[in-house]
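Asker: here is the input, now give the coordinates:
(chains A and B)
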Amino acid sequence: MIDFEILKKSKKSRARLGLIKTEHGVIETPSLVPVATQAVVKTLDNQEVSQTKSQILISNTFHLHLRPGEKNIKLNGGIHKFMNWTKPIMTDSGGFQVFSLGFGKDLGIGKIIKRPQPANSSKSANVKIGQQPKEIKITESGVYFRSYIDGSKLFLGPKESIKIQGEIGADIIFAFDECPPPTADFNYNKESMERTHRWALKSLEAFRNQGLKSKSQNRQALYGIVQGGKFKELRKESAKFIGSLPFDGFGIGGEFGDDKKSMIKMIDWVIEELPENKPRHLLGIGYLEDIEKIIKSGVDTFDCTVPTHFARHGQAFIHAPEQSSVRDFASGSASQKLDISKAIFAKDRKPLDLKCDCTVCQNYTRSYVHHLYRAHEITALKLLTFHNLYFFNSFVENIRRKIKKGLL
RNA sequence: GCGCAGGUGGCAGAGCGGUCAAUUGCAUCAGACUGUAAAUCUGACGCCUUUAUGGCUACGGGGGUUCGAAUCCCUCCCUGCGCA
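Answerer: Okay, here's the model as predicted:
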């Protein structure tokens, strides 16, 4: 179980300052949840992750089930001991893989499509009711996948996901859902959402049974997931339904339209319907320029691969303003990003970010990180990952400070 | 000096008479990335322009054979290896 305490509600927005108390410690919210899909923040060890001010990580049921398998993790005393991370952990249910290994893979798209696709593009074709992805099969009871490791078949439904997550042993786990593709039409979304709702009930049931079986109260917390795509009617319906169930908190999943304004609008539709006293987690969203807005909408935690993933592609997030040769990350925002692979950094002896006090910025130059990156040295990815996580966590820390002071 | 093997776009290295401005890799340049199939993927990469089933210059230099040569022949230059 978790306990959620709201310390302060903003008068200027729906933002709130809170504490999520778990068996493995307290999370000050709002908070970023760095992504540790394979029970590791890629390139960093647990101590380094701690030094980036990370409070909680999110790992993944689907990936851990494939390898090393939940039995192995249980044998190791659960995921915390397994990866030697003593702070809180969440696991995603595998619902995102229903999209990323399904329609996402078929269409070559992410869960948000930014630019309108050309009419003849396969990406623009609406996914309609009854349609199935090529490599997985979605059924009433769950989803048939194929292992990308050895091609073996595997089935994941609400019962299976909850059982696996029970053995993995994270503090917060998620109900199994379908993350529908952003190109799905209304009818597809409606059917998918209703199935996700039935899966939510089954997830709750499996979770309850698991608690009874272990003869002690379930130490985990279970979050339900709201879906509904870009459709107001569905988002509202989903938030009301999921919000009425005895979950410990709520995830908001799926797509969020194709521009920033619509994203906030959709999050607002949902949050207006969710109970105030339980934590809300926004799944897989967190471009730097979005963070303040989603927090103002009332999001308590959110996970995003951007700081870690972009780091491995040579991108360092930094404070603005900077020299003109550096492109704006988001126009009008107080931050930018550097592409450290660019030749202009070859002789740049400044730190990645002039205003950052992380150990990377205190000890290394752009010139050095540029060199490591070009030389394909893995330490480049490590230094960038460390800095980006520290930067994002500091950024959110600053937002907490602003809420506390009544500035946001 | 003799023998052998070679000289191809920034580099490595394919091609061995037409479909070759030339496979591929690297490098370079540009772009993408939001619950991680991701240290990944996409595009450009001789020059010019009215951007095209367009023009020009190109596979060490020069000459030749041929309707047509990076590809065949002659010659010169250069490189590597072996023998004197």
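
Asker: how about A:N393, secondary structure?
Answerer: Secondary structure assignment for A:N393 (DSSP: H, G, I helix; E, B strand; the rest coil): helix.

Asker: quick one, what contacts it?
Answerer: If you count contacts by Cβ atoms under 8 Å, 6 or more residues apart in numbering, A:N393 has them with A:L32, A:T52, A:K53, A:S54, A:Q55. Where C-beta positions appear, they are placed from N, C-alpha and C, glycine not excepted.

Asker: out of these, which are buried?
Answerer: Among the contacts of A:N393, the ones that count as buried by 16 or more other Cβ atoms under 10 Å are A:L32, A:T52, A:K53, A:S54, A:Q55.

Asker: doesn't A:E397 make contact with the third one?
Answerer: Yes: A:K53 lies in contact with A:E397 (Cβ atoms under 8 Å); the separation is 6.6 Å.

Asker: turn the buried ones among the contacts of A:N393 into TSV, including distance to RNA strand B and secondary structure.
Answerer: Output for the buried ones among the contacts of A:N393, formatted as TSV (distance: Cβ to the nearest atom of the strand, whole Å; DSSP: H, G, I helix; E, B strand; the rest coil):
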residue	distance to RNA strand B	secondary structure
A:L32	11	strand
A:T52	13	coil
A:K53	17	coil
A:S54	12	coil
A:Q55	17	coil
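
Asker: in CSV: the residues you listed, plus distance to A:K128.
Answerer: Shown next, in CSV, are the buried ones among the contacts of A:N393 (distance: Cβ to Cβ, whole Å):
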residue, distance to A:K128
A:L32, 36
A:T52, 43
A:K53, 45
A:S54, 41
A:Q55, 42
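
Asker: which of the residues you listed sits closest to A:K265?
Answerer: Nearest to A:K265 among the buried ones among the contacts of A:N393 is A:L32, at 22.4 Å by Cβ to Cβ.

Asker: show me the contacts for that closest one.
Answerer: With Cβ under 8 Å, 6+ apart, A:L32 has these contacts: A:S54, A:G286, A:I291, A:T301, A:F302, A:D303, A:C304, A:P307, A:F392, A:N393, A:V396.

Asker: the last one: what's it in contact with?
Answerer: Residues in contact with A:V396, defined by Cβ under 8 Å, 6+ apart, are A:P30, A:S31, A:L32, A:I291, A:I295.

Asker: ok, and the closest non-adjacent residue to the closest residue to RNA strand B within the stretch 101-250 of chain A?
Answerer: Minimum separation of the stretch 101-250 of chain A from RNA strand B (Cβ to the nearest atom of the strand) falls at A:C179, amounting to 2.1 Å. Among residues not flanking A:C179 along the chain, A:F99 sits closest, at 3.9 Å (Cβ to Cβ, 6 or more residues apart in numbering).

Asker: what's the pLDDT at the residue most central in space within chain A?
Answerer: By Cα atoms, centre = their mean, the mean C-alpha position of chain A lies nearest to A:D303, the distance being 2.8 Å. A:D303 carries a pLDDT score of 98 in this model.

Asker: so it bridges to which residues?
Answerer: A:D303 forms beta bridges with A:V33, as assigned by DSSP bridges.

Asker: need the three-state assignment for A:D290.
Answerer: helix.

Asker: ok, how many other residues are close to it?
Answerer: A:D290 has 23 neighbouring residues, counting by other Cβ atoms under 10 Å.

Asker: what's the separation between it and A:V396?
Answerer: 12 Å (Cβ to Cβ, to the nearest Å).

Asker: endpoint to endpoint, stretch A:176-184 covers what distance?
Answerer: 19 Å (Cα to Cα, to the nearest Å).

Asker: now it: how far from the chain's centre is it?
Answerer: Relative to its chain's centre, stretch A:176-184 lies at 15 Å (Cα atoms, centre = their mean, to the nearest Å).

Asker: just the buried positions in it, please.
Answerer: Buried-residue list, stretch A:176-184, by 16+ other Cβ under 10 Å: A:F176, A:D177, A:E178, A:C179, A:P180, A:P181, A:P182, A:T183, A:A184.
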